[in-house]
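Chemist: With the input below, show me the fold.
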Amino acid sequence: MNGSKLMDYMERAGLATAMVVLACAGGGWRVSAQTPPGATQKQNGAQPSGEKTPSATPASGQISGDDQFFKDIYQEFYDTYRLGPADEIAIRVTGQPDYTLERVKVTPTGNIYHPLLGTVEVAGATIPQLIERLTRDLSEYLINPKVSAELIEANSAKIGVLGDVMRPGILVMNKPMSVLEALTASGGFADTGDKSGVIVLRQLRDGRAQTLKVNVKRIFEGKAGMEENIALQAGDTVIVNGNKKKKVSYILSLAGFGSFVSFISTGRR
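Modeler: Numbering: from 1, shown residues only. Sure thing, here's the model as predicted:
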């Protein structure tokens, strides 16, 4: 099925059915769909299909082939993400291979070990801040060091928010977060956002992808039970349906969508 035909079909089909078609077209996901307990929305009837999600996605930092939509989201995330335990980074000093670390993991106490500087505290720093700090510290030993750093794996709990919201992107879960809280942290709905059909895409441990529909309009109106404002899990992606290029079907069809979901779930692309 070519891209244009797939898009046309996804426009006509329900979300769950569209995701099954997407899986058959190359995503490789097994899909199930349901509404949250106690919700009043109708459930789309989708059956599991396909195999487990392939593990191989483009290497970290390799965004060629991704849609510009996702490139901008990744860049914003890398520029603002604060390092924490279990994250993996690369530190490179031009012309100084002995002081270059191609892969180092942040310890549970928030440190890394550098062969020239010794123990370096990195927790809480962004990548630009880390580069600035390392350049300053290495300048005590080297003449005009040229330092670069790269986030290889971001292992903090993350969720994605896409579609017709004011600031689509990646959120770090520093505390338990509901669908409504995630939408609020993303600036809320854009004018054309569909408040009654918000989708939560969840990766299950067995490789299947589950879709949950949330009627945020009912939550705003005080008509929803507490269980309808779903508690998000690390790796969830919240999608707000909108118009034109912010429709759920369009977002699912983007070349970089599978890589984005993998990054949210594992910290790797």
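
Chemist: now Arg133, what's its secondary structure?
Modeler: Under the three-state scheme (DSSP: H, G, I helix; E, B strand; the rest coil), Arg133 adopts helix.

Chemist: give me the number of residues near it?
Modeler: 17 (other C-beta atoms under 10 Å). Using the backbone N, CA and C atoms, a C-beta is placed for each residue, glycine as well.

Chemist: Next, the contact list for the closest residue to it other than its chain neighbours, please.
Modeler: The shortest distance from Arg133 to any non-neighbouring residue, by C-beta to C-beta, 6 or more residues apart in numbering, is to Ala125 (6.7 Å). For Ala125, the contacting residues are 82-83, 133, by C-beta atoms under 8 Å, 6 or more residues apart in numbering.

Chemist: Now render those as JSON lines, adding distance to Asn111 and pLDDT.
Modeler: Below are the contacts of Ala125 laid out as JSON lines (distance: C-beta to C-beta, whole Å; pLDDT from 0 to 100):
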{"residue": "Arg82", "distance to Asn111": "15", "pLDDT": "92"}
{"residue": "Leu83", "distance to Asn111": "10", "pLDDT": "94"}
{"residue": "Arg133", "distance to Asn111": "13", "pLDDT": "96"}
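
Chemist: can you tell me the helix or strand for Ser262?
Modeler: helix 257-266 (DSSP states H and E).

Chemist: Which strands or helices does that helix pack on?
Modeler: Counting contacts by 3 or more C-beta pairs under 8 Å, 6 or more residues apart in numbering; DSSP states H and E, helix 257-266 packs against helix 68-80, strand 158-163, strand 198-203, strand 237-240.

Chemist: Can you list the residue ranges for strands in the stretch 51-200 of the chain?
Modeler: 88-93, 101-105, 111-114, 118-121, 147-153, 158-163, 169-172, 198-203 (DSSP state E, counting those that start in this stretch).

Chemist: Output those strands in TSV, with mean pLDDT appended to each entry.
Modeler: Shown next, in TSV, are the strands of the stretch 51-200 of the chain (pLDDT from 0 to 100):
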stretch	mean pLDDT
strand 88-93	96
strand 101-105	95
strand 111-114	96
strand 118-121	96
strand 147-153	94
strand 158-163	93
strand 169-172	92
strand 198-203	90
